[in-house]
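Trainee: sharing a sequence plus its predicted fold:
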Amino acid sequence: MELRSVRGTHDILGKDIVKYNIIKKIVSNYANLRSFSEIQTPIFEFSNLFLKPLGEQSDVVLKEMYTFEDRNKELLTLRPEYTTPMIRSAITNNLFEDLPIKLFGIGPMFRRERPQKGRYRQFNQINFEVFGSDDYLADLELITLANDILKSVLPNSKFNLKINTLGKRKNLIEYKAKLSKYFDDNKNKLSNESREKIKSNPLRILDSKNNEDIELSKNSPSIIDFIDNEDKVHFEELKKGLRLNSINFEENFRLVRGLDYYCKTVFEFKTDNLGSQDTLIGGGRYDGLIAKLGGPDIPGLGWAAGIERILLLMEDIDTKNNKIHLAITNENLKNHLIKLINFLNLNNLPFYWNYKYNLKKSLAKANSKKVSNVIIIGEDEHKNDFYTVKKLSTGQQIKVNLDDIKETLND
Ligand code: HAM
């Protein structure tokens, strides 16, 4: 059998894992500064957790979930997103006593989509959620956080923030009905794929990439005519806040999101440099979802970023190689080497040792890795109990006792 990884999955290694860990560090740092607590939930949950909240007619539920029957006949699903598992966790761990709750998590999600650049079947998300506030300042805090994190991990990339409001759920339901009617009246102008969504999911027709659909959507009813005054004010205040924070944005009344649970504010950070998989971050409010899952009737909001998409845009990091290479001339000097390695370990000094006893090859390797220091052990070093530190930049060789090694390395 040919050995290969599963379609749509990928290994993260080499420079990418260095970048991945840098992203994680930056995210944790921001989370800490802004008082979001980290949470990790299991990779799989009961399938029911996802079916209704994400939308039984959403692409994710219809086509993309990895669902399997456990031996005891329970249906389990590999999590396709993090919001619902986080809510489940807040409910089952009784976190709702002290509101608001601010959580973040990083980890793999699973969707059986058609793989392409920036779209995978296993991918990693950064996820931030706030439970228990309907203040527009919570929306502002989350969007600002997303903006700050993107700027920090992608200082040289341009991205655009698009925002919209979907209003309350009841308004959204009215809007969906109007939209369905409009598309139904014009169904001969729609693509086949969109025609199937007229009844089940008309909002998704608005973000179809098909030209005919785009043309028809231009004159479709607009959500803004269905928003009540309270939600309009919320949206206006949010926009003012974004301006105060100097965050550029574009209003887009046709911005809808792929998952069903959204209402009121929705937003996306997009880039021009990734082709069709151009959304780096997506999120919004989901008032009502926490109650639907069995928690208190409190509002919620959040966002998720795709780490792989960020990695595609992130520039290579110039990592300095600060490892000390060890070079030993022959196997009889092992005791002298053990002493050295013990010393390096006790002092937390980073080193590389390849279990080989060949001075020339070890020096060549150190040169190719552009390290600064090599410690050489030869017959003389062993006999007279010292070590030779070779500085590769100058070629200078310094004879030292163990106790003086640290100082010499730092010179
Ligand atoms: P989403 O828009 O489905 O939202 O995904 C968020 C982000 O995850 C996308 O913008 C993208 O960067 C990344 N992403 C999604 N699917 C893939 C894929 N197949 N391959 C690579 N990256 C992908 C959510 O998941 C919501 N739970 C976000 C949210 C949190 N809303 C409120 N709170």
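Mentor: Here it is on my side, so go on. Numbers count the residues shown, from 1 in each chain.
Trainee: the stretch 101-250 of the chain against the ligand: which residues are in contact?
Mentor: By the criterion of Cβ under 6 Å from any ligand atom, the positions of the stretch 101-250 of the chain lying close to the ligand are 111, 113, 118-120, 123, 125, 127, 129. For every residue, glycine as well, the C-beta is placed using N, CA and C.
Trainee: mind listing what the residue lying closest to I324 once chain neighbours are set aside touches?
Mentor: The shortest distance from I324 to any non-neighbouring residue, by Cβ to Cβ, 6 or more residues apart in numbering, is to F351 (4.4 Å). F351 sits next to 323-326, 341, 344, 375 when contact means Cβ atoms under 8 Å, 6 or more residues apart in numbering.
Trainee: whichever of these end up buried, select them in ChimeraX.
Mentor: Selection command for ChimeraX covering only the buried members of these, criterion 16 or more other Cβ atoms under 10 Å:
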select :323,324,325,326,344,375
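Trainee: which one of the contacts of F351 is nearest to T41?
Mentor: Each of the contacts of F351 was checked against T41 using Cβ to Cβ; the closest is K323, at 36.7 Å.
Trainee: tell me where the stretch 301-411 of the chain has strands.
Mentor: 324-328, 351-352, 373-377, 387-391, 397-400 (DSSP state E, counting those that start in this stretch).
Trainee: could the residues of the stretch 101-250 of the chain next to the ligand go into TSV alongside distance to K102 and neighbour count?
Mentor: Output for these, formatted as TSV (distance: Cβ to Cβ, whole Å; neighbours: other Cβ atoms under 10 Å):
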residue	distance to K102	neighbour count
R111	26	20
E113	30	17
G118	29	20
R119	29	18
Y120	28	22
F123	24	20
Q125	17	20
N127	12	23
E129	8	25
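Trainee: count of neighbours near R285?
Mentor: By other Cβ atoms under 10 Å, the residues close to R285 number 26.
Trainee: list the buried ones in stretch 363-377?
Mentor: Across stretch 363-377, burial judged by 16+ other Cβ under 10 Å covers 363, 365-366, 371-377.
Trainee: can you tell me which of the contacts of F351 is nearest E38?
Mentor: Taking the contacts of F351 together and measuring to E38 by Cβ to Cβ, the closest member is K323, at 30.4 Å.
Trainee: for the residue lying closest to the closest one once chain neighbours are set aside, give me its contacts.
Mentor: Spatial nearest neighbour of K323, excluding adjacent residues (Cβ to Cβ, 6+ apart): Y352 at 4.5 Å. Shown in contact with Y352 (Cβ under 8 Å, 6+ apart): 323-326, 369, 371.
Trainee: do the same with R204
Mentor: Contacts of R204 (Cβ under 8 Å, 6+ apart): 59, 194, 197, 256, 258.
Trainee: swap the cut-off to 10 Å and go again
Mentor: Applying Cβ atoms under 10 Å, 6 or more residues apart in numbering, we find R204 in contact with 55, 57-59, 193-194, 196-197, 213, 256-258.
Trainee: and for N219?
Mentor: 182, 186.
Trainee: and it, how far from the ligand?
Mentor: N219 is 27 Å from the ligand, where distance means Cβ to the nearest ligand atom, to the nearest Å.
Trainee: widest-spaced pair of the contacts of Y352?
Mentor: L326 and K369 (12.6 Å).
Trainee: show the end-to-end separation of stretch 349-362, please.
Mentor: Terminal residues of stretch 349-362 are spaced 19 Å apart (Cα to Cα, to the nearest Å).
Trainee: got it, and stretch 78-95?
Mentor: Per Cα to Cα, stretch 78-95 runs 24 Å from first to last residue.
Trainee: distance of the residue nearest to I324 from G378?
Mentor: F351 sits 18 Å away from G378, taking Cβ to Cβ, to the nearest Å as the criterion.
Trainee: list the buried ones in stretch 83-100?
Mentor: Across stretch 83-100, burial judged by 16+ other Cβ under 10 Å covers 83-91, 95-96.
Trainee: check those one by one and keep those near the ligand.
Mentor: Answer for the buried residues of stretch 83-100 near the ligand (Cβ under 6 Å from any ligand atom): T83.
Trainee: inside helices: which ones of the buried residues of stretch 83-100?
Mentor: Counted as lying in helices by DSSP state H, out of those, are 83-91.
Trainee: out of the residues you listed, who's nearest the ligand?
Mentor: Distance to the ligand across those (Cβ to the nearest ligand atom) is lowest for T83, with 4.1 Å.
Trainee: dump the contacts of F351 into CSV; add distance to I106 and pLDDT as well.
Mentor: Output for those, formatted as CSV (distance: Cβ to Cβ, whole Å; pLDDT from 0 to 100):
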residue, distance to I106, pLDDT
K323, 28, 93
I324, 32, 96
H325, 34, 97
L326, 36, 97
I341, 35, 97
L344, 32, 96
I375, 38, 97
